[in-house]
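S.K.: Please work out how this folds:
(2 chains)
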Amino acid sequence: MQIRKPDPSYRLGVDIGGTFTDLVIIDEASGAVRVGKLLTTPKDPAQGVETGVVRLLEEMGVAPRAVGSLIHGTTLATNALIERKGARTGLITTRGFRDALEIGREGRYDMYDLFIDPPAPLAPRHLRREVDERLLADGSVKTPLDEGAARQVVSELLAEGVEGVAVCLLHAYRNPAHELRLGKLLREMAPSLPVSSSSGVVPEIREYERASTTVANVYVMPLMARYVEDLERKLADLGIGGQLYIMLSSGGIALPEMAKRVPIRLVESGPAAGALAAARAARLAGEPRLLSFDMGGTTAKACVIDGGEPLVAREFEVARADRFKKGSGLPIRVPVIEMIEIGAGGGSVARVDRLGLLKVGPDSAGADPGPACYALGGREPTVTDADLLLGYLDPDFFLGGLMRLDVEAARRAVAERVAAPLGLDLTEAAWGIHRVVNENMAAAARIHGIERGKDLRAYPLFAFGGAGPVHAWEIGKILKVPCVLLPFGAGAISAFGLLTAPLAFDFVRTAPQQLDQAQWEGVNRLYVEMEAEGRRILAAAGVTGSAVGIRRTAEMRYVGQGHEVEVPVPLGPLGRESLETLTQNFETAYRALYGRTAQGVAIEALNWRLVVSGPPYEIRMEGGGVRATTGGRPDALKRRRSAYFAEAGEFIETPVYDRYRLAPGATIEGPAIVEERESTAVIGPGGRVRVDESLMLRVELPR
Amino acid sequence: MGEASEGAVEAPFDVVMDPVTLEVCWNRLIGIVNEQAAALQRTSFTSVVREAGDLSAGVFDRRGWMVAQAVTGTPGHINSMALAQRHFLAAYPLERLRPGDVLITNDPWKTSGHLNDVTISTPIFRGEECVAFFASTCHAIDIGGHVLSAEAREVYEEGLFIPIMKLYEAGKPNETLTSLIRANTRAPEMVLGDFHAQIAGGNVGGQRLLEFMDEFGLERLEPLADEIIGRTERAMRESIAGLRPGAYEYAITSDGFDEPITIKARCEVKGDELWIDYAGSSHASRRGINVVMNYTLAYTTYGVKVIVSPDVPNNEGAFRPVRITAPEGSILNVKHPAPVAARHVVGHFLPHVVAGALSQALPDSVMAEGAANIWGVQVAGKDLAGRPFTYIFFTSGGTGARATKDGLSSTAFPSGVLGTPAEVIESLSPLLIEKKELRSGSGGAGKYRGGLGQTIQFRVRTREPFVCSILCDRTRTPAQGFFGGLPGATGQVLINGRPPANPKAEQVLSPDAVVEIRLPGGGGYGRPEARDPELARRDLREGYVAARLDRPGGRP
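M.R.: Below you'll find the predicted structure:
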């Protein structure tokens, strides 16, 4: 038994996903960890959180007041956007531009499909109104705001029964004055109405993307505000006095106030937490780089970790009309951990196409009816059915025995829909499904890598999610990665990630400047503003003084180019003397990406960015932790079963190990299967496994 | 011919023929060309390639047959690049190629129809033997001559013409050619930069291909190619055989440069082949809106594919069952040295003509006529500080209605080139965009309504007269509806509220001039009386159709 400190010393992570709510609690003093999982309660998500927290605290024997902080990730905002269950949202724009939101980029996301549709705008045309005002591209006022007419426009929107209003005026990223004035006016006329201005949410050039982001923010505001308030109340009622933090899509965490004001920054925070867990594992394992690979029931997500940090993108899409097609969703310009998502999961359906070839996914049998072997009425063969037939999954130990799998149903589905039409035997068909889905995932990951200038052959594969460890061996071979890392508790990795997120928030201001003739006073003013705002937010969370980390970057390009490169900006006031450093930083970053620089072309900066952050939380799980609750018995071999390996070309008797009995330092030779409750790891012949201090399986592939 | 029957290399491929390995290999090839395209875009020096996606990339076997293409790109490039590789091989047969060679051309007749599109092809060697080619086509930002317009009278005026040549010979750059190019373009750094990007893409693709061939023990690509192409061809033939047999005709009238142009097609379903002939189309124009046969083939096969077999991959096999002919000397098969710079103005109509003909055979799979060509607005003059500027942006009208849905408003079809945000235009040029809005009522009525065009109004912040040239069409003849659908609105160009004599001609305008372009809407599909009343109400509520004041509920 550990001696517990009386002070609040527990950190609690709660991740609400589409199907499951995952919880994880850690004793910061001892490193002891406990994981919980329960079904998400979609009608009242805070209810599920409350139930789960109560249960976990009881199991752990922890008093509510001992919880020092609770970090929360949720897909609520994303779901509201996908299901179109947000507020009735109005939009106010500059005269002549109310349709920017609907015209968009004027492209088609699939060149060969005549029947595609772009997603309908969240603010329909009759709720989009225009005001007379105009700024020029340099931020100067060409036409002042006509306040009388603006009041009229606001009254009209209120009469239409809007539940929130977004304001997006042309060039407001350069000068927010008119947007601020309109915001004030809206507050006067409708004090309780949720309102966002584009300069407040995403002060960046490009009116369509900025309007899309601002409108989406307002669209989820009422819902998120209600939810966060409800959750705060429930936690207070439980006697949890610790601070509630909300996970952002950028990988930082923020106070609940942020979730109410800029809820759009929460979308995709669940997958972000998974990537953070991978980043943490990378740091712990002394690997500066990793390919994080999360394969669940419907999709697989891959994310590149470099220098112990996941890559952060500036834009992504939400609510895609076609989930896996770029350009079919609503563009959202907020910082988000960059990952690729593909339609490859345990539920992905296998079928024979018109050309007589085997295709797997992107459509999924989902959880209902699910794979044929779930015996819930699904008749189509899926990846899980194939994995079962290949001997990788134990029909009696799926989800730790919670669910029995029907081998006969799987056999029938694969035989009828794949083996027979292709003229293959059952094993060839099952192996074909396994192989094709692995190829799909490897191909997507490889493109993701090369689009960012990364050669994945230098990146260990960090695999988690229910199906990740089943497929990691083959994917690792296809990608020729140096090794495969299989973390302990693969089913609740995202919740672990929440615990490691630093308190962080980022700011951006657009102020185009050609470096050799820049107006530095203006840039310095922006940085002072952003830093003050950031410090204010951190101070509210008790992080002050030297504990505050500041990082500054700028998006730069050669004059005339269309894409920018993110470049580090030194701290302190900038001036003419900064030119050399900034030029060097730009050229270094540019060369790393493109392998060359252009000579004699001026450099310009478009956006100036600043990130404030608190100290990172390095949670310690070693020592007591997991081992204390799972034991470390020497004989981890459960049994043997017959499993198929391409290296052998046949089924071979394969030892099956109990993950909970594998202590640090243990070694295993492939072929082997390692089972834990929520996932199964498959290691092929020639593989060498070592269990490391954090109970992660380190799998070396044969060269 | 000979390669396929070389017995020695046949044996290992028995393995490939199992459908799973074939699927895996094919996937790998597609992955490899996507890597080629990603590397190209990542290293490109121009936003045309990076953002607007004006490029294509693909892998070819030793016979010059396209086996796989990257998912990115625009149709006019992809299919014409597919044809270009044969011309490369004709000029440089395998025995004249060495490791380190890189081939280049922008011959409009052998590639994609105007000098701005440069195709680069890299032969890939496995040991001493050439096993494949990686080719790509990119839009060069400037190729000398006239700036991109229809004004020229011969291709000689349109810029630098690069016949098929070696840009690299055994790894050594062709300095003579490079100097010539450098001296003949207004933006040498960007143009040569993008050549390097194309070569980089080819290198990445080639390296990955060799690794792939090693991993799977492939000596040659052809047996795999035959299998892929053969299956594609069979699927394509099956699709065509499912069409109602017969010959179907359709014609479209384009504004032309100074006189209307007829584009006429006859599509005949002959068993499992489709024969398309453009006899009856207008004679070549004296201005640069002429189309070379390669470009005609590219947009015709695209037009067939989206209707007949959108689910079949795009490779050599998909082209074979479609035979396309156009009379020599017609606007769709011009001879050198006709001017061709603005060939897309006419070329973009081709998928619509094909749709009109095939609508009689496959009514549920077509899109009614749409705005068709993408409009280009080019403005040149001096800004308020007296500095010269030139700026070009592209924009689109509405597509035709579909058999089950309304058309897409302000969306490019068949082109894949995107629009530019007003804020970006105003940041990069002295243009002031005063309005960019959907054009209410411009979509042709029908059971399904045509997509709306858009209205863009701008002026220039200048003290001096400026030049404005608008590459436009459909200002005289609207996009027709199908099956009782009504036509969309015609396009309009207004200078200070009045239409100029010839909207395509270069206009010299006073500093305070206001330019307004109204892009055409798409045609409707099915009779307007059959429209779902709910959709009709929505159209009124959202102002997609003009409210009628004599009707209750109509807003002024």
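S.K.: per-residue confidence at A:Lys325?
M.R.: Per-residue confidence (pLDDT) for A:Lys325: 79.
S.K.: Does it touch A:Gly107 like I think?
M.R.: No. Between A:Lys325 and A:Gly107 there is no contact, the gap being 11.8 Å when judged by Cβ atoms under 8 Å. No exception for glycine: its C-beta is placed from N, CA and C like everyone else's.
S.K.: Counting neighbours, go ahead and name the busier of the two.
M.R.: A:Gly107 (20 against 16; other Cβ atoms under 10 Å in any protein chain shown).
S.K.: any idea how far B:Phe393 is from the more buried one?
M.R.: A:Gly107 sits 14 Å away from B:Phe393, going by Cβ to Cβ, to the nearest Å.
S.K.: What is the burial count for B:Ala135?
M.R.: There are 30 residues near B:Ala135, going by other Cβ under 10 Å.
S.K.: ditto for A:Arg576
M.R.: Residues near A:Arg576, counting by other Cβ under 10 Å, number 11.
S.K.: got a pLDDT number for it?
M.R.: So A:Arg576 comes in at 92 (pLDDT).
S.K.: list the contacts for the nearest residue to B:Gly446 once chain neighbours are set aside?
M.R.: In space, not counting the residues next to it along the chain, B:Gly446 is nearest to B:Gly524; the distance is 2.3 Å by Cβ to Cβ, 6 or more residues apart in numbering or on different chains. By Cβ atoms under 8 Å, 6 or more residues apart in numbering or on different chains, the contact set of B:Gly524 is B:368, B:400-401, B:443-450, B:481-482, B:484-488.
S.K.: Show the buried residues in the residues you listed.
M.R.: Neighbour counting over these (16 or more other Cβ atoms under 10 Å in any protein chain shown) leaves B:368, B:400-401, B:443-450, B:481-482, B:485-488 as the buried ones.
S.K.: Past the lowest-mean-pLDDT helix or strand in chain A, which element shows up next along the chain?
M.R.: The least trusted helix or strand in chain A, going by mean pLDDT, DSSP states H and E, turns out to be helix A:625-630, with a mean of 38. Moving toward the C-terminus from helix A:625-630, the next helix or strand (DSSP states H and E) is strand A:637-645.
S.K.: which helices and strands does the helix or strand following that following strand pack with?
M.R.: Reading on from strand A:637-645 to the C-terminus, the next helix or strand found by DSSP H and E is strand A:650-658. Here strand A:650-658 touches strand A:637-645, strand A:672-675, going by 3 or more Cβ pairs under 8 Å, 6 or more residues apart in numbering or on different chains; DSSP states H and E.
S.K.: Indicate which one of these is closest to B:Ile181.
M.R.: strand A:637-645 (54.9 Å; Cβ to Cβ).
S.K.: Can that closest one be said to contact chain B?
M.R.: No. Judged by Cβ under 8 Å from any Cβ of the partner chain, strand A:637-645 stays clear of chain B, getting no closer than 13.6 Å.
S.K.: Tell me the buried residues in that strand?
M.R.: For strand A:637-645, by 16+ other Cβ under 10 Å, it's A:638, A:643-645.
S.K.: cool, and stretch A:495-506?
M.R.: Neighbour-count burial for stretch A:495-506 [16+ other Cβ under 10 Å]: A:495-506.
S.K.: same thing with stretch A:340-354?
M.R.: For stretch A:340-354, burial by neighbour count (16+ other Cβ under 10 Å) applies to A:340-352, A:354.
S.K.: which one of these is nearest chain B?
M.R.: Proximity of the buried residues of stretch A:340-354 to chain B (Cβ to the nearest Cβ) peaks at A:Arg354, which lies at 5.0 Å.
S.K.: what kind of secondary structure is the closest one in?
M.R.: With DSSP: H, G, I helix; E, B strand; the rest coil as the basis, A:Arg354 sits in coil.
S.K.: Do I have it right that it meets B:Met236?
M.R.: No. Contact criterion Cβ under 8 Å: A:Arg354 and B:Met236 do not qualify, at 9.9 Å.
S.K.: Now the common contact residues for those two.
M.R.: B:Val312.
S.K.: which intervals of the chain have sub-threshold pLDDT?
M.R.: This is for chain A. For chain A, the stretches with pLDDT under 70 are A:1-8, A:18-19, A:367, A:453, A:560-563, A:592-596, A:598-600, A:616-634.
S.K.: oops, I was thinking of chain B
M.R.: Chain B contains residues with pLDDT under 70 at B:1-17, B:46-48, B:50-53, B:73, B:147, B:547-556.
S.K.: gap between the residue nearest to B:Tyr391 when sequence neighbours are not counted and B:Ser410?
M.R.: Once flanking residues are discounted, B:Tyr391 sits nearest to B:Ser429: 3.9 Å by Cβ to Cβ, 6+ apart. Counting by Cβ to Cβ, the separation of B:Ser429 from B:Ser410 is 21 Å.
S.K.: more neighbours, these two?
M.R.: Neighbours around B:Ser429 and B:Ser410, counted as other Cβ under 10 Å, are more numerous at B:Ser410. The numbers are 30 against 21.
S.K.: residue contacts, the more buried one?
M.R.: Counting by Cβ under 8 Å, 6+ apart, B:Ser410 has contacts A:103, A:106, B:395-398, B:419, B:438, B:451-454, B:519.
S.K.: do B:Pro363 as well
M.R.: With Cβ under 8 Å, 6+ apart, B:Pro363 has these contacts: B:403, B:482-483.
S.K.: How about stretch A:646-660, which residues are buried there?
M.R.: A:654-660.
S.K.: Tell me which two in those are the farthest apart.
M.R.: A:Thr654 and A:Tyr660 (18.9 Å).
S.K.: State the number of residues packed around B:Lys172.
M.R.: Residues near B:Lys172, counting by other Cβ under 10 Å: 10.
S.K.: Would you agree it is in contact with B:Pro99?
M.R.: No. Counting by Cβ under 8 Å, B:Lys172 sits too far from B:Pro99 to count as a contact (11.7 Å).
S.K.: Which residues are in contact with residue 85?
M.R.: All of this is about chain A. If you count contacts by Cβ under 8 Å, 6+ apart, A:Lys85 has them with A:79, A:223.
S.K.: that's the other chain; I wanted chain B
M.R.: Per Cβ under 8 Å, 6+ apart, neighbours of B:Gln85: B:60, B:64-66, B:121, B:133, B:135.
S.K.: Output the longest helix belonging to the chain.
M.R.: You didn't pick a chain, so chain A it is. If each helix of chain A is counted by residues according to DSSP state H, the longest one is helix A:207-238.
S.K.: Not quite, go with chain B.
M.R.: The helix that spans the most residues within chain B, counting by DSSP H, is helix B:188-216.
S.K.: from the chain's centre, how far out does that one sit?
M.R.: 23 Å (Cα atoms, centre = their mean, to the nearest Å).
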